[in-house]
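> How does the following fold in three dimensions:
(chains A and B)
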There are 2 protein chains.
Amino acid sequence: MTKPSLGEFMASSLSRRHFLHTAGAGAASVWIPRPVKGYTGPEIRQQAVDGRLEGGISKWDLDTPCLCVDLDRLEQNLDQMQTTVTRNGIASRPHAKTHKCPAIARLQIATGSVGICTAKLSEAEVMFEHGVDQILMTTVNVTSRKIRRAMALKRWCDGFIQAVDTGANARELSEAAMAAGVVADTVVDVDPGGHRTGISPGTPALELAQLVDSLPGLRFRGMLCYDGGAQHVTGFVERRQRALSRLEAAAETASQMVRSGLDTGIFSGGGTGTYNIDHETPGLTDVQVGSYVFMDAQYLAIGGVHDKEVYSDFDPALTVLTTVLNAQYEGRATTDAGAKANTINRPWPIIAGETGMSYTAGSDEFGTIRYDSNASRTYAVGDKLELIVSHCDPVVNLYDQLYGVRGDMVEVVWQVAGRGKSV
Amino acid sequence: MTKPSLGEFMASSLSRRHFLHTAGAGAASVWIPRPVKGYTGPEIRQQAVDGRLEGGISKWDLDTPCLCVDLDRLEQNLDQMQTTVTRNGIASRPHAKTHKCPAIARLQIATGSVGICTAKLSEAEVMFEHGVDQILMTTVNVTSRKIRRAMALKRWCDGFIQAVDTGANARELSEAAMAAGVVADTVVDVDPGGHRTGISPGTPALELAQLVDSLPGLRFRGMLCYDGGAQHVTGFVERRQRALSRLEAAAETASQMVRSGLDTGIFSGGGTGTYNIDHETPGLTDVQVGSYVFMDAQYLAIGGVHDKEVYSDFDPALTVLTTVLNAQYEGRATTDAGAKANTINRPWPIIAGETGMSYTAGSDEFGTIRYDSNASRTYAVGDKLELIVSHCDPVVNLYDQLYGVRGDMVEVVWQVAGRGKSV
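Numbers count the residues shown, from 1 in each chain, chains lettered A, B, ... in the order given. Down below sits the predicted model:
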């Protein structure tokens, strides 16, 4: 095989980044406020007590399994996204379901995003609690208790926008808004064809928009149409075709809304896989991109415009550190990071910087390394290694904190305040 | 198909339990201290503020997704396990990696277990913090920092027992124990053949036991040998054959240890799938059973002695409650419990009490119900349903609290204090 392995890609990607920074071409890092505002976790405090903070803490000294984000790469990813969408005349409204981390949400807004999305009400609540006040919740609230909670949040958070996909729900929202003394900003969720969420485009969506516009407790703000299935289509050409065709009906609906006198100030959609495609959908205003900040093995595999094999627009920034526990059997080693540290999403995590070995996390508590005959190295008990995560969203949801590292050194510990906020 | 669905099994199992309790045959519940000691979560407090606690809270009023355990079934499972192992002349040392819940660990000990197991040091620390003081950590600690932490725990927790699987690690443990001023109780982890953890049985294990016995900082306590692969073998006869054959070498090793003057006071192994088999392994002292308290779709599928199709020795007690968000498309509905609430383990969660429909949780935020032509019902937006979890261990690890319910009413909210304690 002449194709570089993903581990080699990691290494070359790292070199490229180092070159950019060395050459002064990495102006991206200028506009990031630093040191970023974060939270110091118990481990760091303990190490501070131990006097180990004086010379700084290397990520390799952290107890494992732990979750790290490379801050240089994160900044590069933020820059790549914002530069691209700005050039294409649209905005970014990143989805916080990916990182669940208020510090990153605030970085996104500080660097140009128009707000964030959340999937769950509890995520929105925790983001607002941590200073984020432009929040589009992309999921409907359908129970009376959650609707009340949503209106309570709206009383405090003027920038909170809710989704709706049935007339009955719109009427309930309006009544609850009036009871709470607010006018609830509302977008219509339009189904791109997956029939998972949203209302059908065309007349159903248009009539719902008109209903929302007419209800005293609601303020119509536009629509969203998210086609999750398009994001991971392999091959840029195939992905572009799918993304554009699946949003065609929604775009026509948006146009109908405008013609009928409704302003679709928001037409939100798209994601990390289609961020450089979605501006071609007429009327689309912003992309709900999530994974781009971190990247993962799933997205690396879809290929991009420039590289058919590896989606290299963004740098893999999120890793799980793990320690080898057992190395006494031929051809394999066992680590301390299994399914509870990695999920069982496929492809399996990628061992960063190595070739000729694979990693599986099918066991709850243990990971397994298997060596090919051409393995770049073998591990001894106590050795640590770094894994590019399989699928960033559910992996982040396993951790209470995220170590922000620059090079090998821990710069900040961010609270994953939205972890477990699935309610 | 004449075979009952798992949903129907749930219903019949419930009836059987109700019969037992009504008939006074359920003496099991007598010895459970109740009300059990638990923790009141923020939701319950909020509902108390709302005045809703007065008449009690129904689980159907909880915001979803949320995790519930049926306390009648939990008690029944505790009783079934303890009765069986006692009859078979061995003990139970339940694995807390399953429930991560100190309240359940204390229930297990209160009802006859000789202690608990933990997979991770941070689990052991949190269990001790919550009043559990007989803890066998089944995983080795190999870094100097974790070894120091383990010895620090040992200083406070006299009943803490550590595992070792190399001579080098034994020497490190001994030195750290002496530095901490403790004698560390230690068991040798013996590999049943999976080569995941442990040392090879026979001479390697025997020599390691002798080394442990000779080191000044360590106290030899015996061995463990856990064959995870045996637990989910389908069919009781096949499972029994696998379990006994895989532990043969370990049993011979235990015998060698005794003959060489070492007392294997502990020979721990087995699990929920083999709890009624492991006593046939000569010398085995206790089973590290975990899932029996909750059960899950994976274990239901393995079949038992009495029922070849369904492993009915234990009652499915752990469920995720979820709410229907979208019901406007033919043949399907979308819920609020996806991979972040269920994991993506297979088989998929089972909708309790219903037939003719399936549930998938492949999407991070949403679950999908698909109806067959003979579906027992269909759902409307806002309806709630109950899922028997796919694989209990990693599902519990997604939740901060566990609602203990009796019938439909919430009786207690337990803190999942070990959630995320993978370090």
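
> Count residues in the vicinity of A:Val140, would you?
Per other Cβ atoms under 10 Å in any protein chain shown, the neighbour tally for A:Val140 reads 24. Every C-beta, even on glycine, is put in place using the N, C-alpha and C of the backbone.

> interface residues of the stretch 301-423 of chain A facing chain B?
Neighbours of chain B within the stretch 301-423 of chain A, by Cβ under 8 Å from any Cβ of the partner chain: A:323-326, A:328-329, A:332, A:334, A:336-337, A:339-341, A:343-345, A:363-366, A:368, A:381-382, A:393-394, A:397-400, A:419-420, A:422-423.

> ditto for the stretch 101-250 of chain A
Contact residues, the stretch 101-250 of chain A versus chain B (Cβ under 8 Å from any Cβ): A:119-120, A:139-140, A:142-143, A:145-146, A:165-166, A:168-169, A:191, A:195-200, A:228.

> Out of the residues you listed, which end up buried?
Buried positions within these, assessed by neighbour count (16 or more other Cβ atoms under 10 Å in any protein chain shown), are A:119-120, A:139-140, A:142-143, A:145-146, A:165-166, A:169, A:191, A:195-200, A:228.

> Give me the below-cutoff pLDDT ranges for chain A.
A:1-55 (pLDDT under 70).

> Report the residue ranges of every domain in it.
Chain A breaks down into these domains under automatic domain parsing: A:6-69+A:311-415, A:72-294.

> Dump the ones you listed to JSON lines, plus distance to B:His95.
Shown next, in JSON lines, are the domains of chain A (distance: least, Cβ to Cβ, whole Å):
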{"stretch": "domain A:6-69+A:311-415", "distance to B:His95": "10"}
{"stretch": "domain A:72-294", "distance to B:His95": "29"}
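
> Can you show me the helices along the stretch 101-250 of chain A?
A:102-110, A:121-129, A:144-156, A:167-180, A:203-214, A:228-231, A:236-246, A:248-259 (DSSP state H, counting those that start in this stretch).

> burial measure for A:Leu244, as a count.
Based on other Cβ under 10 Å, the number of other residues close to A:Leu244 is 16.

> how about the strands in the stretch 201-350 of chain A?
Per DSSP state E, counting those that start in this stretch, the stretch 201-350 of chain A has strands spanning A:218-225, A:266-269, A:286-287, A:318-326, A:332-335, A:350-351. These are given in chain order.

> Torsion angles phi and psi at the residue in the stretch 151-300 of chain A that chain B sits nearest to?
Proximity to chain B, evaluated over the stretch 151-300 of chain A using Cβ to the nearest Cβ, is greatest for A:His195 at 3.8 Å. The phi/psi pair for A:His195 (degrees, to the nearest 10) reads phi 60, psi 20.

> how near is the nearest residue to it once chain neighbours are set aside to A:Arg196?
Spatial nearest neighbour of A:His195, chain neighbours left out: B:Tyr329 (3.8 Å); criterion: Cβ to Cβ, 6 or more residues apart in numbering or on different chains. B:Tyr329 is 8 Å from A:Arg196, where distance means Cβ to Cβ, to the nearest Å.

> What of A:Gly404?
Separation of A:Gly404 from A:Arg196 (Cβ to Cβ) stands at 34 Å.

> Likewise for A:Ala209?
For A:Ala209, the distance to A:Arg196 - Cβ to Cβ - is 20 Å.

> what do you get for A:Thr274?
17 Å.

> same thing with A:Phe294?
Distance from A:Phe294 to A:Arg196, counting by Cβ to Cβ: 24 Å.

> Equivalent analysis for A:Val132, please.
Remark: distance between A:Val132 and A:Arg196 (Cβ to Cβ) = 26 Å.

> ok, how many other residues are close to the residue in the stretch 301-423 of chain A that chain B sits nearest to?
Nearest residue of the stretch 301-423 of chain A to chain B (Cβ to the nearest Cβ) works out as A:Tyr329 at 3.8 Å. When neighbours are counted by other Cβ under 10 Å, A:Tyr329 registers 15.

> residues touching A:Leu385, list them.
A:321-322, A:324, A:335, A:351-352, A:354, A:369, A:379 (Cβ atoms under 8 Å, 6 or more residues apart in numbering or on different chains).

> Identify the spatial nearest neighbour of A:Ala179, chain neighbours not counted.
A:Met151 (7.4 Å).

> what's A:Val413 sitting at in phi/psi?
Phi and psi for A:Val413, reported as degrees, to the nearest 10, are phi -120, psi 120.

> Tell me where the stretch 251-400 of chain A has helices.
So, for the stretch 251-400 of chain A - with DSSP H, counting those that start in this stretch - the helices run A:297-300, A:339-342, A:392-396.

> Could you say which of the ones you listed is packed most deeply?
Among the helices of the stretch 251-400 of chain A, helix A:339-342 has the highest mean neighbour count (mean count of other Cβ atoms under 10 Å in any protein chain shown), at a mean of 28.

> sorry, back to before: and the helices of the stretch 101-250 of chain A: which comes nearest A:Gln298?
helix A:228-231 (9.3 Å; Cβ to Cβ).

> What lies in contact with that closest one?
A:192, A:194, A:196, A:239, A:242-243, A:246, A:271-274, A:302, B:363.

> What residues of stretch A:170-186 count as buried?
A:170-178, A:180, A:182, A:184-186.

> burial count for the closest residue to A:Gln298 other than its chain neighbours?
In space, and not counting its chain neighbours, A:Gln298 is closest to A:His391: 5.0 Å by Cβ to Cβ, 6+ apart. A count of neighbours around A:His391, defined by other Cβ under 10 Å, yields 23.

> A:Ala124 and A:Lys100: what is the separation?
12 Å.

> oh, I was asking about A:Leu107
For A:Leu107, the distance to A:Lys100 - Cβ to Cβ - is 14 Å.

> And those two? Which one has more around it.
The neighbour comparison of A:Leu107 against A:Lys100 (other Cβ under 10 Å) goes to A:Lys100, with 28 against 24.

> Does that one lie in a helix or a strand, and which?
Per DSSP states H and E, A:Lys100 falls between elements, in no helix or strand.

> Tell me which residues touch the closest residue to it other than its chain neighbours, please.
Spatial nearest neighbour of A:Lys100, excluding adjacent residues (Cβ to Cβ, 6+ apart): A:Gly418 at 3.1 Å. By Cβ under 8 Å, 6+ apart, the contact list for A:Gly418 reads A:96-97, A:99-102, A:118, A:122-123, A:126-127.

> Could you single out the nearest of those to B:Arg221?
A:Lys100 (41.8 Å).

> contacting residues around the closest one?
Contacts of A:Lys100 (Cβ under 8 Å, 6+ apart): A:123, A:396-397, A:416-419, A:421.

> out of those residues, which are buried?
A:123, A:396-397, A:416-419, A:421.

> which residues does A:Gly159 bridge with?
A:Gln134 (DSSP bridges).

> Touching, it and A:Gly115? I think so.
Yes. In this structure, A:Gly159 is within contact of A:Gly115 by Cβ atoms under 8 Å, at 6.4 Å.

> Counting neighbours, go ahead and name the busier of the two.
Per other Cβ under 10 Å, whichever of A:Gly159 and A:Gly115 has more neighbours is A:Gly115, with 23 against 15.

> Which residues lie in contact with the closest residue to that one other than its chain neighbours in this structure?
Distance criterion Cβ to Cβ, 6+ apart; nearest residue to A:Gly115, sequence neighbours excluded, is A:Gln134 at 3.0 Å. Counting by Cβ under 8 Å, 6+ apart, A:Gln134 touches A:109, A:114-116, A:159.

> can you do 10 Å?
A:93, A:105, A:109, A:113-117, A:127-128, A:157-161 (Cβ atoms under 10 Å, 6 or more residues apart in numbering or on different chains).

> ok, it to A:Pro94 distance?
The gap separating A:Gln134 from A:Pro94 is 11 Å, by Cβ to Cβ.

> what does A:His279 give?
Separation of A:His279 from A:Pro94 (Cβ to Cβ): 16 Å.

> Give me the more crowded residue out of the two.
Between A:His279 and A:Pro94, counted using other Cβ under 10 Å, A:Pro94 has the larger neighbour count: 30 against 19.

> Isn't that one up against A:Cys101?
No. A:Pro94 lies out of contact with A:Cys101 (Cβ atoms under 10 Å); the separation is 11.1 Å.
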